[in-house]
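Chemist: return atomic coordinates for the entry below.
(4 chains)
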There are 2 protein chains.
Amino acid sequence: MTSKNQSRERILQTATRLFHMNGYHATGLNQIIKESGAPKGSLYYHFPDGKEQLASEAIERFGAMVAANILEDTQNEVDPLKAFQAHILKIANKFAVVENIPLCADSLPIGLMAAETALVNERLRLKCEAVFERFEEIYIEKLVASDYSKEQARLISSTLNALIEGAVTLSLTKKSNQPLQDIVKMLPLLLQK
Amino acid sequence: MTSKNQSRERILQTATRLFHMNGYHATGLNQIIKESGAPKGSLYYHFPDGKEQLASEAIERFGAMVAANILEDTQNEVDPLKAFQAHILKIANKFAVVENIPLCADSLPIGLMAAETALVNERLRLKCEAVFERFEEIYIEKLVASDYSKEQARLISSTLNALIEGAVTLSLTKKSNQPLQDIVKMLPLLLQK
DNA sequence: GTCTATACAAGGATAGAC
DNA sequence: GTCTATCCTTGTATAGAC
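Modeler: Sure, this is the predicted structure:
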């Protein structure tokens, strides 16, 4: 019972990290098995649908992790502007890259897997879509609680989602968290009522 | 001479499209050869460094195409706000998706290949970085010409880059150009002096 | 410049013993 | 639940004839 969950858990954990670091197509099942240290034979036992199922659950888990982070950061500050800025700065700080490996995997974009799968795998596309929508919901809730109108809140949240996703990609590409710092500075303009 | 360039050209064209639609790792050399209709034996003749070289040139070409579009759109309008809005709307309109295939390949993000390669292939990462920087330069130039300060222009341009990249990814994932439309509406706030 | 054939590795997936 | 062995496909890349 516990051992079942242990090796399933190890596989899923490693898969989540690798998929989001390197992407869906660049990550092999053999690599996941090797790095997780889990018994090789058990992969298809725990994940009968193979790679697709593994990726699907990885996206779900990754999304939940990030959503929890967002939620925490937004609840620590009453002011939505300060809350969002704190959240982005947290990402920027985690973002330091050491020898090509980002210090923390949750500073990576969901957009990599989203863009990889959007046109070719409906199941995974839907998972990514759900994740993005969850983020948006949290932003909206925070804004509405501070008396932004429903439509204004939706618009800001959609933009914020795009902004963070894009800035993470840029930071990754430039090997610098400058783009993330830049959007923090611009955020006050976006949140005007 | 012309025939040399013809088949080289066909390969590069197809590679550019496939790499940016499906990503670096999901695109096979066999697929490129098949779809381009180019003679199979000629790939390694024209691109001795194989897939990496092909991708490198594809990124360059794709970046140049998009940069030309941005330049055109920004020159058709004196007001930077209107110019940028027109540019994004153009992307949004091209974006219609028919049976999972986007109507126009240049509505796709560079970010896919950027995020795929940033951590694992320095040569391609640098190409992507150069492309993003070229975009930023164009934005900055337009803003400075309208009396924005240097630093303000840089900040807005960096943000705009992230915004568009993120919105395209979101639109792709949601199969809707709503995110792109959203950022058009928010743009006036960003361009305040 | 182009073509065919082929080498060689890695990918995902399955079968069957334990 | 786990392990090993194996299958099939696909991937990149090369050699050598034309």
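Chemist: separation between A:Arg188 and A:Asp49?
Modeler: For the record, residue A:188 is Pro, not Arg. 46 Å (CB to CB, to the nearest Å). To be clear about C-beta, it is placed using only N, CA and C from the backbone, and glycine gets the same treatment.
Chemist: quick one: A:Glu57 from B:Leu187, how far?
Modeler: Relative to B:Leu187, and taking CB to CB, A:Glu57 is found at 38 Å.
Chemist: what helix or strand is A:Gln65 located in?
Modeler: Let me fix one detail, which is that residue A:65 is Met and not Gln. If you go by DSSP states H and E, A:Met65 is part of helix A:50-75.
Chemist: is DNA strand D contacted by that helix?
Modeler: No. For a cut-off given as CB under 7 Å from any atom of the strand, helix A:50-75 has no contacts with DNA strand D; the smallest distance is 12.6 Å.
Chemist: pull out the buried positions in the following helix or strand past that helix.
Modeler: Going down the chain from helix A:50-75, the next helix or strand is helix A:80-94, by DSSP H and E. Using 16 or more other CB atoms under 10 Å in any protein chain shown as the test for burial, helix A:80-94 gives A:80, A:82-85, A:87-88, A:90-92, A:94.
Chemist: closest to A:Gln6 among the residues you listed?
Modeler: Among the buried residues of helix A:80-94, A:Lys94 lies closest to A:Gln6 (CB to CB), at 27.4 Å.
Chemist: how much space separates that closest one from B:Ala145?
Modeler: For A:Lys94, the distance to B:Ala145 (CB to CB) stands at 37 Å.
Chemist: tell me where chain A has strands.
Modeler: Taking DSSP state E as the test, the strands found in chain A are A:97-98, A:101-102.
Chemist: you'd agree A:Ile140 is up against A:Leu155?
Modeler: No. With contacts counted by CB atoms under 8 Å, A:Ile140 stays clear of A:Leu155, the gap being 9.8 Å.
Chemist: where exactly do the helices run in chain A?
Modeler: A:2-22, A:29-36, A:43-46, A:50-75, A:80-94, A:111-117, A:122-145, A:150-174, A:178-190 (DSSP state H).
Chemist: now tabulate the buried residues of helix A:80-94 in TSV and tack on pLDDT and distance to DNA strand C.
Modeler: Listed next are those as TSV, based on pLDDT from 0 to 100; distance: CB to the nearest atom of the strand, whole Å:
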residue	pLDDT	distance to DNA strand C
A:Pro80	98	41
A:Lys82	98	43
A:Ala83	98	39
A:Phe84	98	36
A:Gln85	98	39
A:His87	97	33
A:Ile88	97	33
A:Lys90	94	32
A:Ile91	93	28
A:Ala92	93	32
A:Lys94	85	27
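Chemist: which residue sits closest to the residue nearest the centre of chain A, ignoring its sequence neighbours?
Modeler: Closest to where the C-alpha atoms of chain A average out (CA atoms, centre = their mean) is A:Ile110, at 4.5 Å. Excluding the flanking residues, the one nearest A:Ile110 by CB to CB, 6 or more residues apart in numbering or on different chains is A:Val131, at 5.6 Å.
Chemist: now A:Leu160
Modeler: Of all residues not flanking A:Leu160 in the chain, A:Tyr139 sits nearest, at 5.5 Å (CB to CB, 6+ apart).
Chemist: quick one: the one you found and A:Ile156 touch, right?
Modeler: Yes. With contact defined as CB under 8 Å, A:Tyr139 reaches A:Ile156; the gap is 7.1 Å.
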